[in-house]
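> give me a model of this one.
(one chain, ligands or ions: 1)
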Amino acid sequence: MEMKSPPPCPPTVTIRRNPHRKARATPSSAIPLREPLSSPSLSREIFTTELPQNANSTDNNNNTDSSPKILSENLRVYLRIRPLTVQRNSKNIAESKNAWPKNPKVKSNSKLKTKKRSEVCVQVNEDLRSVTVSTPQALQETKRIKSEVYEGFSHVFASEASQGEVYGEMVKPLVEDFLKGKSGMLAAMGPSGSGKTHTVFGCPREPGMVPLALRHIFRENESCGTQLSRVFYLSMFEISSEKGKAEKMIDLLHDGGDICMQHSVLKGVQEAVVSDARQAESLIAHGMLKRATATTNSNSQSSRSQCIINIRWGLEKGDEEVDGKTSTTSLTIVDLAGAEREKKTGNQGARLLESNFINNTSMVFGLCLRSLLEHQKNRNKPLQKHYQNSLLTRYMRDYLEGKKRMMLILTVKPGVEDYLDTSFLLRQASPFTKIKFKTLEEPVNLTCNKRPNQALPREEQIKKMKFCKSESSKIAERNIDGGSHLNMPKETPRKLVKSGLHKTIEDIDDEKLNEIHVLSGRFVGLESPQKLSPEGDHNNHEAEKEREYQIMQRLSKAMWTVLKEYKQKLEEVETENCHLRNSLIDQKTKNMNLENELTTKKMRMFDLENELKELKSQCTCCQKASTDLFPVSMHDASSNLSQYETAELQEVNSEVSSFSLKELKQTENEKKTDSLARDSVVSFTSSAGRVERHYPEQLVEPNRGGNNTLDVKGLKYTSAVDEFSRSQELPMTTNDTQDLNCFEDTSIEDMSSGSEVIRQSTSVRPYTSHESEQDTVNIAGDAKSLEGESECLSNGPCLSTSLECDYAKSFKDFEYPKDKEVPAQLENSATEHLHNVVSSSESSQKDDTGSHINGELNNEEGKLDPLVTVVPKEGWEATNTSKFVPKLASPCNFQHTEKPKRRLLPASSVLLKDFSLLDMKDEDNKLKGGRGGKRVPMDDKNRTQGSLSLLNLLTSQLER
Ligand SMILES: Nc1ncnc2c1ncn2[C@@H]1O[C@H](COP(=O)(O)OP(=O)(O)OP(=O)(O)O)[C@@H](O)[C@H]1O
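The predicted structure is shown next:
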């Protein structure tokens, strides 16, 4: 049975690293390496086809098109393959004495490597823009990749390509653009020993790009003759590591010159003015001797630093260089230190540190370009600032951010042993071919000096244009709004529009305007046109500066106008604020006054309340005392009085001040009759013309068998209470007087007698009592004087009529408390007094119709007792006080329909105080026998004194 052999392993494949998606025949390792197309004519033809804008650049010198062109071109990446002949040099390196460290492996494997050196891993494709990197046989098993194609290069220079071909293809266009005013940079990168330094600097037999460029530049300059007097500046410096810890920049043209960098600007670099190529080459050769180099296993003179050569040119004008220092057109050529593999080079110590620095710088450089590429592919990705990680990338920032044009030349070694370095470099750098630079290419006018910003990228140009537009538009707006007169004739009134300002712009101080102008001139770096002297070839420049000066002048004036407007507005606002502040202070003052007044009112109210409390307490005492004597009536009266006082106390306060002083005097006159009036007799004229004694028990008993009622023809109340109320200028009405008379007399009079005596202080005429005769006359006179204000009482018939029935009703219900004993004196005196009153009423009817009782009272004895004490029972109190009718809710309401309604005089508090004083005096007159003892009536003297004291007290209160 035959055993089948296992299926063969899949063959290795070839991948394309660069984005050439079209199907392309996989290069076979069997295909013999073809000689690359090194014909310059062919390569240039291809380049012209792909990049016409640059290919024709040399033929466009005479292009007079003045329109600027925005060019978008890719980063040019060239690839140069070092020839294999370098092997001889490697052998020499291994045999050289300076080679350090000596790698024993190299020696032991020298025979094997000699065989491999005959093999190459890099093949240039037919298009001369791509290469195929073949994987060594030893690595195919592990990588399973047969070959890799890297394409997209601007050109691939085979190992046979000469320096001239490389220059003509790569550097010449760059130099020509440089002479036209476009900056550019060429950077050579690749592994150590791949020929970077050889490409850049060359050797005497094969000069590199720098010497060729210098020759080209000065040749072109000489060809221009005297039309252009350019001055070329050459600088050369290196960036190396300082003991592997830091980076340093060393000027290679001048000894010992350290260079520092601040914000991508070099400081300390000394430029050498070169006038010809030989001089420049000499300087560069001199600088190369200073460059840090070392012998490694890869290169006998391995560069240990990044070398930068900068060529800048400016126009020369006589002995003075005008624009030399302002020109930014430069051509920069960078020779990077080659990345090294530690395994391969075997570096140790200082070399190892240098190797790390070199590799780090190469990595940062690659990261910057990768970030730029990714940013251009996807704008959402930010442009990473990897350039900050090394001095080299910081110096090359504008190029690494796509703002300036640059070129890359990759150098590789084609040997198989260099496969990894070559593959790594191509894999890393081949994508950079997609990086694009957008530059604004303006027509080259060699007769004119180029402005610095013409070489700026498109974005910066657009920003500048926007700024100019916005600035000019703002100025135009300000001219319109602010009424700037700059564009107006002088005759035009130049009043300012806003804020009602009537000042013109001419009012602006010239000095301040000049200050603004100077400041603005400093800000924009301009000078006044007076200081600028027009030069022959710089008319345009001068005109431009003058225009900018005018713009700034207008801007300054407009700004000055706006500032003045704001200043005036500010002053107005401050003035208004001051007014508001003053008004606020006034309001606060008023508020303080009102608060003080309120406090005073409150204090007054507090005093009145205290007074009311005091009166209540006194009333309570009186009530208590009277309750013992006459519990039922006193209780009701006091309670009603309390209600009354509470309700009317406010009116007292409000009406006290309105009472006239005239009334007070009149009341004082009437006061004189007080003592007599208090003892006056209430005369009741019965309809039958009979006078009955209104003694509590006698009032009932005499009429018990017959008419029980008491007819009252007329009644006039001129009580002391009423007088006191007038004396206090209290608008006490007749009803009030009656009420108070009833209450006061009831509550105060005859406390000791055990019966509540209501003294209806009424003047009665004729008064025949010898004791009261004179008093009666006085009272009559006083009553006349009081007629005007007590009209209600003077309405005799009506009042009498009403009183007849009411009093009849009240007396009908009147009963003296049965449990009280009627004092004998009171009984007798009341009986007599009643008779006297009745008898005297007949004679007084003619004299005083309105104020006297019209009853025809017959006095059996012909004399009238001046005092008639009536002891009413409960109902009488209520009926007797017409004002109290609604408040007392008496069962026997005292209805007086025709009685004029007058306002009540809430002078009860004052009266109570008055009577309290009287009580105090009365207490002195109390009998020691107590309640049941015989009461000594208050004499007139004491009463008069009490009235006077009360009057004084009330007068003092009014004054207060
Ligand atoms: N195209 C070339 N033709 C002839 N010789 C070359 C070529 N390229 C490089 N060489 C030689 O190879 C050697 C190493 O080259 P070079 O020093 O330029 O390498 P390098 O890339 O600069 O190395 P390093 O980065 O270490 O400085 C030099 O002796 C140089 O003469």
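> mind giving me the packing neighbours of the host helix or strand of Phe424?
Using DSSP states H and E, the element containing Phe424 is helix 419-429. On a contact count with 3 or more Cβ pairs under 8 Å, 6 or more residues apart in numbering; DSSP states H and E, helix 419-429 meets strand 130-134, strand 145-151, helix 349-377, strand 406-412. Where C-beta positions appear, they are placed from N, C-alpha and C, glycine not excepted.
> I'd like to know which elements the longest one is packed against.
Judged by 3+ Cβ pairs under 8 Å, 6+ apart, helix 349-377 is in contact with strand 184-189, strand 230-242, helix 342-345, helix 391-395, helix 397-400, helix 419-429.
> with the last one instead?
Contacts defined by 3+ Cβ pairs under 8 Å, 6+ apart place strand 406-412 against strand 76-81, strand 184-189, helix 196-200, helix 419-429.
> helix or strand right after the third one?
Meaning helix 196-200. helix 209-224.
> other SSEs contacting that next one?
By 3+ Cβ pairs under 8 Å, 6+ apart, helix 209-224 packs against helix 163-166, helix 172-180, helix 196-200, strand 230-242, helix 277-290, strand 306-317, strand 330-335.
> by how many degrees do the helix holding Phe424 and strand 145-151 diverge?
Helix 419-429 runs at 40 degrees relative to strand 145-151, counting by axes from the mean of the first three to the mean of the last three Cα atoms, to 10 degrees.
> buried residues in helix 419-429?
The neighbour-count check on helix 419-429 (16 or more other Cβ atoms under 10 Å) flags 419, 421-423, 425-426, 428-429 as buried.
> show me what Arg230 is bridged to.
Applying DSSP bridges to Arg230 gives these bridge partners: Leu315.
> same thing with Ala188?
Asp335, Ile409.
> dump the residue contacts of it.
Residues in contact with Ala188 (Cβ atoms under 8 Å, 6 or more residues apart in numbering) are 196-197, 199-200, 333-336, 408-411.
> same deal with Gly208?
163, 197-202.
> thinking Val166 is in contact with His198, fair?
No. Here Val166 lies out of contact with His198, judged by Cβ atoms under 8 Å, at a distance of 10.4 Å.
> what does the stretch 151-300 of the chain put close to the ligand?
190, 192-198, 299 (Cβ under 6 Å from any ligand atom).
> could I get those as a markdown table with neighbour count and pLDDT?
Supplementary listing: these in a markdown table, determined by neighbours: other Cβ atoms under 10 Å; pLDDT from 0 to 100:
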| residue | neighbour count | pLDDT |
| --- | --- | --- |
| Gly190 | 27 | 91 |
| Ser192 | 24 | 87 |
| Gly193 | 29 | 87 |
| Ser194 | 28 | 89 |
| Gly195 | 24 | 90 |
| Lys196 | 28 | 91 |
| Thr197 | 25 | 92 |
| His198 | 19 | 92 |
| Asn299 | 25 | 78 |
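> with just CA atoms, put stretch 950-960 into CSV.
Extracted C-alpha coordinates of stretch 950-960, given in CSV (Å, rounded to 0.1, in the frame of the first residue of the first chain):
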residue,chain,number,x,y,z
LEU,A,950,-61.6,115.9,88.2
LEU,A,951,-61.8,118.9,85.9
ASN,A,952,-58.1,119.7,86.6
LEU,A,953,-57.2,116.2,85.9
LEU,A,954,-59.0,116.1,82.6
THR,A,955,-57.6,119.4,81.5
SER,A,956,-54.1,118.2,82.2
GLN,A,957,-54.8,115.2,80.1
LEU,A,958,-56.0,117.2,77.3
GLU,A,959,-53.0,119.4,77.5
ARG,A,960,-50.8,116.4,77.4
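> what comes up buried for that stretch?
950-951, 954.
> and the helices and strands packed on helix 209-224: which comes nearest Ser390?
With Cβ to Cβ as the criterion, Ser390 lies closest to strand 230-242 of those, at 7.8 Å.
> could I get the buried residue list for that closest one?
Neighbour-count burial for strand 230-242 [16+ other Cβ under 10 Å]: 230-241.
> before we move on, back to that, mind checking the helices and strands packed on helix 419-429 for the one nearest to Leu84?
Of the helices and strands packed on helix 419-429, nearest to Leu84 by Cβ to Cβ is strand 406-412, at 11.9 Å.
> I'd say Val131 and Leu79 touch.
Yes. If you go by Cβ under 8 Å, Val131 and Leu79 touch, sitting 6.3 Å apart.
> coming back round to it: how about TSV for the buried residues of helix 419-429, with distance to the ligand and pLDDT added?
Rendered in TSV, the data for those read as follows (distance: Cβ to the nearest ligand atom, whole Å; pLDDT from 0 to 100):
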residue	distance to the ligand	pLDDT
Tyr419	17	87
Asp421	11	87
Thr422	12	90
Ser423	17	89
Leu425	11	90
Leu426	15	90
Gln428	16	88
Ala429	14	89
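> farthest-apart pair in the residues you listed, please.
Most distant of those, by Cβ to Cβ, are Tyr419 and Ala429, 15.9 Å apart.
> please name every helix or strand in contact with the helix or strand encompassing Glu597.
Using DSSP H and E, Glu597 sits within helix 539-629. When contacts are defined as 3+ Cβ pairs under 8 Å, 6+ apart, helix 539-629 sits against helix 458-481, helix 510-524, helix 631-656, helix 734-748, helix 908-925.
> now with 6 Å?
helix 458-481, helix 510-524, helix 631-656, helix 908-925 (3 or more Cβ pairs under 6 Å, 6 or more residues apart in numbering; DSSP states H and E).
> what's the mean pLDDT across the shortest one?
Helix 510-524 shows a mean pLDDT of 46 in the predicted model.
> stretch 292-303 spans what distance, first to last residue?
One end of stretch 292-303 sits 6 Å from the other (Cα to Cα, to the nearest Å).
> which of the residues in that stretch are buried?
292-300, 302-303.
> do stretch 271-283 as well
For stretch 271-283, by 16+ other Cβ under 10 Å, it's 271-272, 274, 276-277, 279-281, 283.
> give me the contacts around it.
211, 214-215, 218, 232-235, 253 (Cβ atoms under 6 Å, 6 or more residues apart in numbering).
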